[in-house]
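Peer 1: Based on what follows, work out the 3D shape:
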Amino acid sequence: MNSTPPVLVVGAGPAGLVTALTLLQNGIPVRIIDKDPNPRIGQRGPGIWPRSLELFNFLNVPEVNDLGNYLFTVRSYKSGTLESGTDSLMVPHSEPTPAIPFHTPKLMGQQLLDVILRRHLEKFSCSVEMGTELRSFEQSDEGVIAVLAKNGTFMTRRRYI
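Peer 2: This is a model prediction of the structure:
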């Protein structure tokens, strides 16, 4: 039996991690690489919209909804003064229904989201190979030959990238 995963996922940001998790949950082995030597530090794109919350729920990653923060309140001031006028939510709160279980966007930094997704990948004995860069690839009828770099350059053959 061939132990080489048929899919090479390039990039370990949220899109790559969700792709790898989705494939693994469907019985498709993956190898996931990222050119950065360490996981990203800092916050990027913190908004997670309701449709994405549905996806995380479907993937059995409830921590995203549980740990995400609601959008902040917007305060308006009376014209020409510093006197507070009204406070309102950016998105009005709505109770979930079976048809629409997630109404409200949540805020979660990419750093925390990445940690959550990596922990779920570990359940499938999958981890990100940090410091491994895709230099080039060539597709043929038999699959894809990828040129990777990590402590030197080497080639690998995969069915898909």
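
Peer 1: where in the chain is pLDDT low?
Peer 2: In the predicted model, the chain carries pLDDT under 70 at residues 1-2.

Peer 1: quick one: the helices in it?
Peer 2: Using DSSP state H, the helices of the chain run over 14-25, 50-58, 63-67, 110-122.

Peer 1: From the contact counts, what lies against the shortest one?
Peer 2: Meaning helix 63-67. helix 50-58, helix 110-122 (3 or more CB pairs under 8 Å, 6 or more residues apart in numbering; DSSP states H and E). Using the backbone N, CA and C atoms, a C-beta is placed for each residue, glycine as well.

Peer 1: Which one of the helices of the chain lies nearest to residue 156?
Peer 2: helix 14-25 (16.2 Å; CB to CB).

Peer 1: hey, C-alpha coordinates of the closest one in CSV?
Peer 2: Extracted C-alpha coordinates of helix 14-25, given in CSV (Å, rounded to 0.1, in the frame of the first residue of the first chain):
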residue,chain,number,x,y,z
PRO,A,14,-7.3,29.2,7.4
ALA,A,15,-8.1,28.2,3.8
GLY,A,16,-5.4,25.5,3.6
LEU,A,17,-6.2,24.2,7.1
VAL,A,18,-9.9,23.9,6.4
THR,A,19,-9.2,22.2,3.0
ALA,A,20,-6.9,19.7,4.8
LEU,A,21,-9.5,19.1,7.5
THR,A,22,-12.3,18.6,5.0
LEU,A,23,-10.3,16.1,3.0
LEU,A,24,-9.2,14.2,6.1
GLN,A,25,-12.7,14.0,7.5
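
Peer 1: ok, how many other residues are close to residue 39?
Peer 2: 14 (other CB atoms under 10 Å).

Peer 1: residues contacting the nearest residue to it once chain neighbours are set aside?
Peer 2: Take residue 39 and drop its neighbours on the chain: the residue closest to it by CB to CB, 6 or more residues apart in numbering is residue 114, 6.1 Å away. By CB atoms under 8 Å, 6 or more residues apart in numbering, residue 114 lies in contact with 12, 13, 14, 17, 39, 40.

Peer 1: Would you mind listing which of those residues are buried?
Peer 2: 12, 13, 14, 17 (16 or more other CB atoms under 10 Å).

Peer 1: ok, of the residues you listed, which one's closest to residue 155?
Peer 2: The closest of the buried ones among the contacts of residue 114, once distances to residue 155 are taken by CB to CB, is residue 12, at 20.9 Å.

Peer 1: any chance you could map the strands in the chain?
Peer 2: Using DSSP state E, the strands found in the chain span residues 7-10, 30-34, 47-48, 69-70, 73-77, 84-89, 106-107, 128-130, 133-140, 143-149, 153-158.
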